Every structure is written in C-alpha cells, then in structure tokens.
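>>> okay, here's the prediction I keep looking at, along with the sequence it came from:
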Amino acid sequence: MEFEISWIESSLASVRTSGLASAEGFTALYEQLAAQPGFGPGVKMLSDHTDLDVSALVVGHRSPAKYGLARMFEALAAEEPGDLVRVVETSDDALAWLRGEGAKPLPPASRRAEP
C-alpha cells in the first residue's frame, strides 16, 4: 500500500492511498502521520482512498455497496465520543465540510438516488 501525506492548510491534512490495502500499510500511514510536525488534536484530515484496492478491506466507495458500508461505518463512529467521521461523494464535498462551508448533508445511503 502506498500513501501520500500533504498539508492543505496548517490545520488540514490530506492523505491519499493507493495500491493493495493492508493493515501494515495503515499502521505505517498512521505512524508517519503521528510524526508529522503540527499533527495533533484539532487537526482535520481528508482521507482519499479512491485509488486503494480494498478487495480485502472496506474503505471508501466506488460502488453503491461500498458506499453503503462506508455510511454504516460513519454511523458506528458517531457513537464514539470525540470521533467525527463523514462519508461524502467527492473531495470537494469533503473539503467544504472540513472547512465548515455549509456542505449539505447526504441522505442515508438507503434513500440515496442511484446514478
């Protein structure tokens, strides 16, 4: 699994992943992320897993089934105090939401219109 960490703003990091997803790859990603200067509480993160082969994991979405599973993860994460996870369809939507620019909420996956 390959990944790239970049900073969009001083409190907004971007992570892009590609290749075959693995637990070891995510461990390396999070270790490197934690070592970044300025990374810590209050930093928002845009995670783009659209080029990640998730045949063994379920992350991101390119199909209605993966989108639905990601939305279920979002609902489960909402039950943990302090965790804030949002599943959106585009990077632009994610950036708008992270910046508090009033991105409209998505309907539950079960009521989402199919493309």
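Arrived safely.

>>> count of neighbours near the residue nearest to Leu98 when sequence neighbours are not counted?
When the adjacent residues along the chain are set aside, Leu98 lies closest to Lys44, with 4.6 Å between them (C-beta to C-beta, 6 or more residues apart in numbering). (C-beta placed from N, C-alpha, C; glycine too.) Neighbourhood size, Lys44 [other C-beta atoms under 10 Å]: 17.

>>> show me what Lys44 bridges to in the sheet.
Beta bridges link Lys44 to Leu12 when assigned by DSSP bridges.

>>> return the distance of it relative to Thr27.
Distance from Lys44 to Thr27, counting by C-beta to C-beta, to the nearest Å: 22 Å.

>>> who's in contact with the residue nearest to Leu98?
Contact criterion C-beta atoms under 8 Å, 6 or more residues apart in numbering gives 11-13, 98 as the residues in contact with Lys44.

>>> just the strands in the protein please.
Listed in chain order, the strands found in the chain under DSSP state E are 2-9, 12-20, 44-53.

>>> any chance of the ones you listed in CSV, plus mean pLDDT and distance to Glu89?
Compiled in CSV, those are given as follows (pLDDT from 0 to 100; distance: least, C-beta to C-beta, whole Å):
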stretch, mean pLDDT, distance to Glu89
strand 2-9, 94, 19
strand 12-20, 91, 17
strand 44-53, 85, 10
